[in-house]
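A.B. asks: when you get a sec, could you give me coordinates for this:
(chains A, B, C and D)
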2 protein chains.
Amino acid sequence: MVTPRLLLVEDDALYRETVAEALRVAGHEVLEASTAAEALAVRGPLVGALVDLRLSRGSGFEVLTQLRARAPGAMLAALTAHSTDEDVFGAIAAGADGYLLKSDAIDELPAHVGALLKGLSPLSPGIARRLMAHFAQRPRLPPDAKLSAREQELLEVLAGGFTFQECASSMGISVETVKTLVKRIRDKFHAGSVTEAISVGFRAGLLK
Amino acid sequence: MVTPRLLLVEDDALYRETVAEALRVAGHEVLEASTAAEALAVRGPLVGALVDLRLSRGSGFEVLTQLRARAPGAMLAALTAHSTDEDVFGAIAAGADGYLLKSDAIDELPAHVGALLKGLSPLSPGIARRLMAHFAQRPRLPPDAKLSAREQELLEVLAGGFTFQECASSMGISVETVKTLVKRIRDKFHAGSVTEAISVGFRAGLLK
DNA sequence: CGCGCTGTCCCCCGAAAGTGGGACACGCGC
DNA sequence: GCGCGTGTCCCACTTTCGGGGGACAGCGCG
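C.D. replies: Here you go, the predicted model:
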């Protein structure tokens, strides 16, 4: 049978050993790496990985990206002492499924890892709050800003940077119609230009 | 002393009673409401609230919004059977600090509520994943897209929908300079227009 | 059954944006 | 010390956008 292997990438030897021990006690087979190069030299199947983002040798983000590419099914989590926006969002962008802080008690780790391997997304306290804040801060949408289907469609095309003429062609209508629709969108958004309308669209979550 | 009161807003009487009982066993003082009106009629201090989003009478979103406004310090969580994007992001926008699913075991609820009242953001399994996905899907930024300070500044002004002339005035430079900067931004973003550059900016996280 | 919203198309005109050059000075790194 | 990126400014020209109108048909809702 295939043993479910878990990769632990952490440059601090003491902390790494502590974590590895805790995970082994919980029944996981743990591979250890202390540098990005070591982590990427690991062969064979992995079910998951815990990656320190700030390695003294190499980048944890790079490790995440590589692991995500070569093992799409593996569950990856960042395990780090920092929770700056750059770290958190960078890790997510690099493919992390979870984000754990070293400030968490070691004895909570196995539970988090268990959740991770079950396909969930364990987040340390505070990280969830961070993520939510990024959504909560943006609800500055005009209340009367309900676009019709056609308007929404045009807005999306416009966001691609196309001229009115190009939009008209791709939507199979005339430039004049595009102008009318744009005018209505701008009115609804209280925007003075397409550019501003696009901004409002993004901030309102209508574009992504 | 002030008793920490917790508000439970849920229209299903059976489920509400079950949850209320579990929370009372865990030591909380629970107030119950089955409609939005009842919820908003509650007077006195609240330390937190669990709100069903889809009430047969009234809107849970409205309840969240109102509670958030009148009790900024209270910790609010959605407690619902659904996890559509609209529900999740709507609840967050309405001020929810956590998002719990009814599909969770009842006996996990007290722990989640405990976390909520500690100022954390409890999320049911899957919800965290949902939030992260919305960040992970967007890292389609051109690698060579590092804007200089001046370019970044201009991009932000442009996102406000201002004309080149207006940007020039507010930045204290000439229109020609604005044009040059815009040209460079568009080059870096491989964008054919300001509109597209704004889109790239948002998608790359440079604008928000 | 009319009113409002939507989707479509049309015209004119001035202002703004985009194109494609060129120019010079500053600072930072190799 | 030379290059490269940056920040600043300039010109001429074409295309597109924005503002102001108007028009008409379909459709849902009260």
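
A.B. asks: and the most centrally placed residue in chain A, backbone torsions?
C.D. replies: What sits nearest the mean C-alpha location of chain A, by C-alpha atoms, centre = their mean, is A:Ile92, with 3.1 Å. Dihedral angles of A:Ile92 (phi, psi; degrees, to the nearest 10) stand at phi -60, psi -50.

A.B. asks: so it touches B:Arg129, yeah?
C.D. replies: No. With contact defined as C-beta atoms under 8 Å, A:Ile92 does not reach B:Arg129; the gap is 10.9 Å. Any C-beta I mention is one placed from the backbone N, CA and C, and that applies to glycine too.

A.B. asks: the residue nearest to the centre of chain A and A:Ala115: what is the separation?
C.D. replies: 17 Å (C-beta to C-beta, to the nearest Å).

A.B. asks: what does A:Gln165 give?
C.D. replies: 52 Å.

A.B. asks: between those two, which has more neighbouring residues?
C.D. replies: For A:Gln165 versus A:Ala115, neighbours defined as other C-beta atoms under 10 Å in any protein chain shown are more numerous around A:Ala115 (19 against 11).

A.B. asks: name the nearest residue to the more buried one, ignoring sequence neighbours.
C.D. replies: Among residues not flanking A:Ala115 along the chain, A:Pro122 sits closest, at 4.6 Å (C-beta to C-beta, 6 or more residues apart in numbering or on different chains).

A.B. asks: likewise A:Ile127?
C.D. replies: Nearest non-adjacent residue to A:Ile127 (C-beta to C-beta, 6+ apart): A:Tyr99, at 4.8 Å.

A.B. asks: mind listing residues that contact the helix or strand containing that neighbour?
C.D. replies: In this assignment (DSSP states H and E), A:Tyr99 forms part of strand A:98-101. For strand A:98-101, the surrounding residues in contact (C-beta atoms under 8 Å, 6 or more residues apart in numbering or on different chains) are A:50, A:75-81, A:83, A:88, A:91-92, A:109, A:112, A:115-116, A:120-127, B:128.

A.B. asks: and A:Leu50, that one's in a strand?
C.D. replies: Yes. Applying DSSP: H, G, I helix; E, B strand; the rest coil, one finds A:Leu50 inside a strand.

A.B. asks: so the residue of chain A positioned farthest from its centre is in which element?
C.D. replies: Distance from the C-alpha centroid of chain A, by C-alpha atoms, centre = their mean, peaks at A:Glu176 (40.1 Å). Per DSSP H and E, A:Glu176 falls inside helix A:175-189.

A.B. asks: quick check: angle from the least confident helix or strand in chain A by mean pLDDT to helix B:127-136?
C.D. replies: Ranked by mean pLDDT, DSSP states H and E, the helix or strand of chain A with the weakest confidence is helix A:127-136, at a mean of 78. Following axes from the mean of the first three to the mean of the last three C-alpha atoms, to 10 degrees, one obtains 50 degrees for the angle between helix A:127-136 and helix B:127-136.

A.B. asks: buried set for helix A:127-136?
C.D. replies: Of all the residues in helix A:127-136, those buried under the rule 16 or more other C-beta atoms under 10 Å in any protein chain shown are A:Ile127, A:Ala128, A:Arg129, A:Arg130, A:Leu131, A:Met132, A:His134, A:Phe135, A:Ala136.

A.B. asks: again with stretch A:84-95
C.D. replies: A:Asp87, A:Val88, A:Phe89, A:Gly90, A:Ala91, A:Ile92, A:Ala93, A:Ala94, A:Gly95.

A.B. asks: how about the third one, what does it touch?
C.D. replies: Under the criterion of C-beta under 8 Å, 6+ apart, the neighbours of A:Phe89 are B:Phe135, B:Gly205.

A.B. asks: can you confirm it is in a helix?
C.D. replies: Yes. Counting by three-state DSSP, A:Phe89 is found in a helix.

A.B. asks: alright, calling it a day.
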